[in-house]
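Participant: need a structure here:
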Amino acid sequence: MSELHVIFGTGPLGRYTAESLIEKGHEVRLINRSGKMELKPEGAELVNGDAYNFLQTIQLVDGATTIYQCAQPAYHKWEKEFPNLQNAIIELANVSKSKLIVAENLYMYGKASAANMTEKTPYEPCSKKGKVRTEMTKVLFDAHANGFIRAASVRGSDFFGPWEPNNGEMIFKAALNRKPINMLGKLDQPHSFTYVKDFGKALAIAGTNDKSLGRAWHVPSGKAYTQQEIVDIIAKQIGYELKARTAGKFILNLIGIFNPIVKEVIEMLYQFEAPFIMDASAMEKEFGMTATPMEQRVLETLDWFKRCKKN
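Facilitator: Okay, the predicted model is just below:
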């Protein structure tokens, strides 16, 4: 049966959540402030709306089975803007009686158990943004426990793929232009990388299955790879050697003088200086979802950037 699913945010996560829902036969409405996005997913409706404008957006979510929170403020504005943004969407879910599925990252876990993070890992944030994320997820699940909303969250690690700009520019576009690839921290530490298409698929699974409600789920992301291994896979697929270089606190501090977003990356370097491994077996067992193989992720991302380079 076709249902209406409303997605706040039209970045890579919103895009691939929409595509996964459309594949399942559902109606999808994407919301952002401009009402514009490049190559809107076929079959989706795109409208402009401001999550802070309750009178406007309550009409846009009317009749929705599920709302997805895939929007976020600029990286350097998390502390001031992110909690208020999510609280506004929680209120919409309450009044509209829609389920709420929130896209999250792993910042709340901090360093303590970064070598084997499950959904039951204690919250021990070691960064400003980690503390923001911790408080937001507590508010979300308190609202669920109190019967204010029905909610779940889906957590992914650092992600890449088509339409993802940050890793895309530093890694895949650089590789295609035969330039050095910029990485963070250390090249030899195992790290869980999430594929953006898998993240969208996991959000759609959570939003269409009530078994997901009341807890967090990790996106199936496959085995952990070192950053050097990712570079080697890319090099093998494009057919020439690639050089990778890493940025630490000193370099990022210098760049951060002129770029506030880069400055915000410094406190997150711990993720790339030691093993950072996510266990997603719960979602694999409950919903039968598996991660896209790394070689396929890299190939699809390279192909997408090649097409962009031609345009």
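Participant: Export only the CA atoms of the worst-scoring helix or strand of the chain on mean pLDDT, formatted as PDB.
Facilitator: Comparing helices and strands within the chain by mean pLDDT, DSSP states H and E singles out helix 249-256 as the least confident, with a mean of 73. Extracted C-alpha coordinates of helix 249-256, given in PDB (Å, rounded to 0.1, in the frame of the first residue of the first chain):
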ATOM      1  CA  LYS A 249      46.000  19.200  14.100                       C
ATOM      2  CA  PHE A 250      48.800  21.600  13.000                       C
ATOM      3  CA  ILE A 251      47.700  21.800   9.300                       C
ATOM      4  CA  LEU A 252      44.000  21.900  10.200                       C
ATOM      5  CA  ASN A 253      44.600  24.700  12.600                       C
ATOM      6  CA  LEU A 254      46.300  26.700   9.900                       C
ATOM      7  CA  ILE A 255      43.500  26.100   7.400                       C
ATOM      8  CA  GLY A 256      40.900  26.700  10.100                       C
END
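Participant: Can you name every helix or strand that it contacts?
Facilitator: When contacts are defined as 3 or more C-beta pairs under 8 Å, 6 or more residues apart in numbering; DSSP states H and E, helix 249-256 sits against helix 260-265. For glycine as for every other residue, the C-beta is placed from the backbone atoms N, C-alpha and C.
Participant: Confirm residue 183 sits in a strand?
Facilitator: Yes: assessed with DSSP: H, G, I helix; E, B strand; the rest coil, residue 183 lies in a strand.
Participant: So it versus residue 126, what's the distance?
Facilitator: Distance from residue 183 to residue 126, counting by C-beta to C-beta, to the nearest Å: 21 Å.
Participant: Pick out whichever of the two has more residues nearby.
Facilitator: Neighbours per residue (other C-beta atoms under 10 Å) separate residue 183 from residue 126, with residue 183 holding more: 20 against 15.
Participant: Between the two ends of stretch 33-50, how far is it?
Facilitator: The separation between the terminal residues of stretch 33-50, taken as C-alpha to C-alpha, to the nearest Å, is 5 Å.
Participant: Kindly report the same for stretch 166-185.
Facilitator: End-to-end distance of stretch 166-185 (C-alpha to C-alpha): 16 Å.
Participant: now the strands: where do they sit in the stretch 51-200 of the chain?
Facilitator: Taking DSSP state E, counting those that start in this stretch as the test, the strands found in the stretch 51-200 of the chain are 66-69, 99-104, 150-155, 159-160, 181-184, 194-195.
Participant: With mean pLDDT as extra columns, can I get those in CSV?
Facilitator: Listed next are those as CSV, based on pLDDT from 0 to 100:
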stretch, mean pLDDT
strand 66-69, 98
strand 99-104, 98
strand 150-155, 98
strand 159-160, 92
strand 181-184, 91
strand 194-195, 98
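Participant: so which of these comes closest to residue 135?
Facilitator: strand 99-104 (12.2 Å; C-beta to C-beta).
Participant: counting contacts, what elements does the closest one pack onto?
Facilitator: For strand 99-104, the packing partners by 3+ C-beta pairs under 8 Å, 6+ apart come out as strand 66-69, helix 78-96, helix 128-145, strand 150-155, helix 196-207.
Participant: then the first one to PDB, C-alphas only?
Facilitator: Coordinates of each C-alpha in strand 66-69 appear next as PDB, following Å, rounded to 0.1, in the frame of the first residue of the first chain:
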ATOM      1  CA  THR A  66       6.700   8.800   8.500                       C
ATOM      2  CA  ILE A  67       8.900  11.900   8.700                       C
ATOM      3  CA  TYR A  68      12.700  11.600   8.200                       C
ATOM      4  CA  GLN A  69      15.100  14.100   9.700                       C
END
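Participant: Listing partners with orientation, what would you give for it?
Facilitator: Here strand 66-69 has these sheet partners by DSSP bridges: strand 4-8 (parallel), strand 99-104 (parallel).
Participant: so which of those is the most packed in?
Facilitator: When you average the neighbours per residue for each of the strands paired with strand 66-69 (mean count of other C-beta atoms under 10 Å), strand 4-8 leads with a mean of 27.
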